[in-house]
Structures are given as structure tokens and as C-alpha cells.
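>>> have a look at this fold, sequence not included:
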């Protein structure tokens, strides 16, 4: 694999945390259930490639997301990886209890910026959802467990259209106030463009939110994820969510397609001289290996470009 020399540009962070969501957000939308053995090997391969934050599963109802029905067993069988975060997404107190019983050491919670998606996704109003999440966050903190927050539909909603930035700021600040150490801003249906990203981050900064408490989570529906990421980095964000191979979507929002591919993100950051600690070749081999198990090529352009020079 050819190593291209970096060409840095000013105004970017020197290092970025790549927050890998493939085992959870990537696999939850697969038409077929991936075996527990493959999931555990995927996580091990991602860690071996240098990723230090790998979201592993979600403690949702098995009938709602059968692809993650093995969440309890996966968490209980997950080997300890010093220095590596393995968060699990929990929708409610019952999910938190399951996660703690199975040995989770970090959890994530999710809220919607819009009323419509909250009702479609959680079958409850946005205010009811936030009250429930405050309980979850409180119990997690009492157990000494860090909490990450997600805000979905930050830029567009398939039922409501354009999203008022003030609504996003309101939900994000509530998640921070309830104790979330980090809040990830999700472009769930991939309609954001760079100007919208800058505008939202500026609005959050104006509300007193530090960029160090934020992450960005872009879907690549319209091919804007990397451009949006670059603008977020220029604004001071240093944590970017991505999924190995560009897998993923949302089973409750049909217009949500794949996540930003981790390989595409790492290639960009390597080219800019921004440190990630991730071995791109090892990561691409992992996605080629996973694509074989899924029975289709990886959507990642970088994986496809490197495929001829790498063995899974």
C-alpha cells in the first residue's frame, strides 16, 4: 500500500478521536443477523487496527432490532482492552440495567432534535424521552459509568423537513446538563452541507457549549460527510463518529443510508497530517473481511481503492 505524504492545512486539530460505531450502528441495519463470533472478531480487529473508542452494541428490545439481540452475551464475552472504550447504547433504565449486569463500563443514550422522529423511533414525545434519559444518566453516574449522548435529526427530518437549530441546541444542552460527558450531533439522513454545520456549531458555541464536549456523526447519503467533517474540525471539534466500511443507517428512518466510512475519514486525516493512531491498511483489511461475511462489497471508496493491494 502506497504511503502518501501528508499536506497539512492551518486551523485543524493536531489529533482526532475516531469514534467507531460499526459494530452497533453499522450492523443494526443489516438484513441478515451477523453471528456473535463474527461480531466479537470484528471488534477485536478494530481495536487491533488502533481504534480506541468502539461502540459495540445496543440494549434495545430484540424484537425491535433483532440484529442486536445478542447484546447481553456480547458484552459479557467482550475481553478487556486497556485504554479502549467499549460503550453500549441504552434506550431506557431497563437497557441500562442489562448493560451493567453484562459488564458494560460506558453507555450512550439518544434523543431526537425533532418531535416526529422521537415518536417514530421511541414511541414517546421528545420531552418524555428527555425525562427518561435524565433518569438513565443519573443512575449511570451513580454506578460510576460515563455517559455519551446522541442527538439525531440535527439537520433534517424525513417527516418535518428542515430542523430549527434552536431545537438542536436545546436538546444538546439538556443532555450535557444531565451529565453526558460528550454529545454527538447526528445528521441522520445525511442532508447537511458545510455551511449548515458551521452555523449549528457556532450556535452551540454561542450557547456556551465547548467544542471539546461535542462529536459529529455524519451519514453520507448525498456525499457530503467528509466536507462536513472538515468544517467541523475547523470549528474545533476533535471527535468524529464513523463506521468501518461505511455500513449503517437507521432502521426507523428509511432515508438514512450509510455512515461516513472510517477508512475514508482516516485517509483524509492522514493526508492532512492529523494523528488518529489508526492503521489504515489494517482497518481496510477488516472491512474487506467483513464484506465477505456480509456477501457484498464495502461501500467505502477507500476500501475499494485499496482492495487490490490488500488481503483480508
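Received it, and whenever you're ready, just let me know what you need. Model, not experiment: these values are computed from the prediction.

>>> for residue 143, see how far away residue 96 is.
Distance from residue 96 to residue 143, counting by CB to CB, to the nearest Å: 8 Å. In short, each C-beta sits where N, CA and C put it, glycine included.

>>> which of those two has more neighbours?
More crowded of residue 96 and residue 143, by other CB atoms under 10 Å: residue 96, with 24 against 14.

>>> where does that one fall, helix, sheet strand or coil?
When the structure is reduced to helix, strand and coil (DSSP: H, G, I helix; E, B strand; the rest coil), residue 96 reads as helix.

>>> which residue packs closest to it, ignoring adjacent ones?
By the measure of CB to CB, 6 or more residues apart in numbering, the closest residue to residue 96 outside its immediate chain neighbours is residue 90, 4.7 Å from it.

>>> list the residues that contact the one you found.
With contacts defined as CB atoms under 8 Å, 6 or more residues apart in numbering, the neighbours of residue 90 are 58, 59, 96, 98, 99, 107, 108, 109, 136.

>>> what's the answer for residue 238, then?
Residues 13, 15, 16, 17, 211, 212 are the ones in contact with residue 238 under the rule CB under 8 Å, 6+ apart.

>>> tell me which stretches of the protein form helices.
With DSSP state H, the ranges of helices along the chain come out as 36-48, 71-77, 93-102, 115-122, 126-142, 165-177, 194-206, 225-234, 262-272, 280-294, 301-306.

>>> against which helices or strands is the second one packed?
Put plainly, it is helix 71-77. Taking 3 or more CB pairs under 8 Å, 6 or more residues apart in numbering; DSSP states H and E as contact, the helices and strands that helix 71-77 lies on are helix 36-48, strand 57-58, helix 93-102.

>>> hey, which of the ones you listed is tucked in deepest?
Of the helices and strands packed on helix 71-77, the one with the most neighbours on average (mean count of other CB atoms under 10 Å) is strand 57-58, at a mean of 27.

>>> so for that one, mean pLDDT?
This predicted structure assigns strand 57-58 an average pLDDT of 98.

>>> good, wrapping up.
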